[in-house]
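Novice: let me see the structure of the following:
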Amino acid sequence: DNHTVYRLWKDGAPGQEYFLVENRQRTGYDANLPGGGLLVWHIDDAIANNTNEAHYRVALEQADGARQLENNTNRGDSGDPYPGSSDNRAFTNTSTPNSKSYGGVSTCVSITAISDPGPVMSAQVQVRCAVTRPKALKDRQKETLEKPRDKRIEKLQIDKGWGEKRPEKPQIDKAVAYDK
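Specialist: Okay, here's the model as predicted:
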């Protein structure tokens, strides 16, 4: 029972918009969840409440992309956690749902190769932006350079879910939180 939640900062820098990633399984307090797996929460602390359906303060990025929570179709289903019933193993700038900011801009957050649900899950996690610059003005060729971020997380291992009792607020392990 590690109860670890990872924070992935937008653009790799601390700010008001970020993602939280946690492993939740159908055990203990969570025994009645519709499905287990990684939950990806999109957080924007600049928003006062959760009443604007286009821009929530706290939103679950549903792996199936169906937005059923926002549309009041259900209160959650087995398609919401990753990989879920839709077998979605990626959360990137181009996936559905995607990791773009509420402004529609890339956050440089990427979670791929998400494992099957279980007490221990793994995934490839990156917070890295690609920058395209002209190589030379005369030939107008371009090369892509990766802009590394400090404390880049390459692989994520999350232990069991919350166990018997879930805390009011997610507990952030500050030693592994993605801070500069």
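Novice: for the rest of this, base every contact and every neighbour count on C-alpha atoms.
Specialist: Noted.
Novice: OK, contacts around the residue nearest the centre of the chain?
Specialist: Against the mean C-alpha coordinate of the chain, by CA atoms, centre = their mean, the closest residue is Val40 at 3.8 Å. Contact analysis of Val40 by CA atoms under 8 Å, 6 or more residues apart in numbering lists 19-22, 60-62, 81.
Novice: name the nearest residue to it, sequence neighbours excluded.
Specialist: Nearest residue to Val40 in three dimensions, chain neighbours excluded: Val21, at 4.7 Å (CA to CA, 6 or more residues apart in numbering).
Novice: so how far is Gln68 from the one you found?
Specialist: Look at Val21 and Gln68: by CA to CA, to the nearest Å, they are 20 Å apart.
Novice: would you mark the buried spots in stretch 96-107?
Specialist: 96-101, 106-107 (16 or more other CA atoms under 10 Å).
Novice: format the CA atom coordinates belonging to stretch 92-106 as PDB.
Specialist: Provided in PDB are the C-alpha atoms of stretch 92-106 (Å, rounded to 0.1, in the frame of the first residue of the first chain):
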ATOM      1  CA  THR A  92      -0.500  12.000 -25.300                       C
ATOM      2  CA  ASN A  93      -0.800  15.200 -27.200                       C
ATOM      3  CA  THR A  94      -2.600  13.300 -30.000                       C
ATOM      4  CA  SER A  95      -4.500  10.600 -28.200                       C
ATOM      5  CA  THR A  96      -8.200  10.600 -27.300                       C
ATOM      6  CA  PRO A  97      -8.500  12.000 -24.700                       C
ATOM      7  CA  ASN A  98      -5.400  14.100 -25.100                       C
ATOM      8  CA  SER A  99      -2.900  15.700 -22.700                       C
ATOM      9  CA  LYS A 100      -3.400  19.300 -24.200                       C
ATOM     10  CA  SER A 101      -4.000  22.200 -21.800                       C
ATOM     11  CA  TYR A 102      -7.400  23.700 -21.400                       C
ATOM     12  CA  GLY A 103      -6.200  26.300 -23.900                       C
ATOM     13  CA  GLY A 104      -5.600  23.600 -26.500                       C
ATOM     14  CA  VAL A 105      -1.800  23.800 -26.400                       C
ATOM     15  CA  SER A 106       0.600  20.900 -25.900                       C
END
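Novice: let me see the mean pLDDT of it.
Specialist: Averaging pLDDT along stretch 92-106 yields 96.
Novice: how about stretch 129-138?
Specialist: 57.
Novice: got it, and stretch 25-36?
Specialist: 94.
Novice: kindly report the same for stretch 68-79.
Specialist: On average, stretch 68-79 scores 91.
Novice: having no further points to raise, I will conclude here.
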